[in-house]
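> How does the following fold in three dimensions:
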Amino acid sequence: MTYRCRVRRLLLIVLLSFGLLPIATPARAVCAAPDPDTLTFEQMIDQGTTGDDDFDRMIIGRVVRVRDRGEVGGRATAVVHVAAHPTGYVPERIRVRFRAYPPGVWAEHSVEFAVGERWVIIAKRKDGGRYQHDGDCGQTQRVSRERYAELIASS
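Okay, the predicted model is just below:
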């Protein structure tokens, strides 16, 4: 096989590999426009409700541990120290399930917890005492230290 033939074959393999790359990454739904009736965090605190019958808990807390992450991604659990729970009781420490993606995989609108981060989690209680956040397109979001302190002070 000539040098030129090997280069063409290698080029073809590389181009085909990049062509298949979008198929290998997880497909993510694009979020619809936000519901205009969705309550802000301040309204949730003032009214004592999230405004959602399914995801009825507003949890303000900091991630203290991430378990079951694994090297290749998949299901993981964030252990969260709860600083405030303005819409109903939750324990001092809760476990929140989430999907961890493999290293190097970028997923738009994903919710992925890391130790030390501060979060407002809109969730529902699941069997076994775990909580499920309201999804990639929900209101669960990481907040700054300042915003975290403001929300705790107002709850």
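
> chain center to stretch 147-155: distance?
Put simply, stretch 147-155 sits 21 Å off its chain's centre (CA atoms, centre = their mean, to the nearest Å).

> can I have that stretch written out in CSV, keeping just the CAs?
In CSV, the C-alpha atoms belonging to stretch 147-155 read as follows (Å, rounded to 0.1, in the frame of the first residue of the first chain):
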residue,chain,number,x,y,z
ARG,A,147,-27.7,34.9,46.5
TYR,A,148,-27.6,31.8,48.8
ALA,A,149,-27.3,34.0,51.9
GLU,A,150,-30.1,36.3,50.7
LEU,A,151,-32.5,33.5,50.1
ILE,A,152,-31.7,31.9,53.5
ALA,A,153,-32.2,35.3,55.3
SER,A,154,-35.6,35.8,53.6
SER,A,155,-36.9,32.3,54.4
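
> Give the buried residues for it.
Within stretch 147-155, the residues that qualify as buried are 148, 151, 155, counting by 16 or more other CB atoms under 10 Å. Placement of C-beta: from N, CA and C, glycine included.

> Just the closest of those residues to Arg57, please.
Proximity of the buried residues of stretch 147-155 to Arg57 (CB to CB) peaks at Ser155, which lies at 12.6 Å.

> you'd agree that closest one is up against Ile60?
Yes. Shown here, Ser155 and Ile60 form a contact pair, counting by CB atoms under 8 Å, at 6.7 Å.

> Touching both of these two, which residues are there?
84-86 (CB atoms under 8 Å, 6 or more residues apart in numbering).

> which among the residues you listed gets closest to Asp46?
Pro86 (8.8 Å).

> Leaving out chain neighbours, which residue sits closest to the closest one?
Ser155 (4.1 Å; CB to CB, 6 or more residues apart in numbering).

> For Val64, see how far away the one you found is.
Applying CB to CB, to the nearest Å, the value for Ser155 to Val64 is 20 Å.
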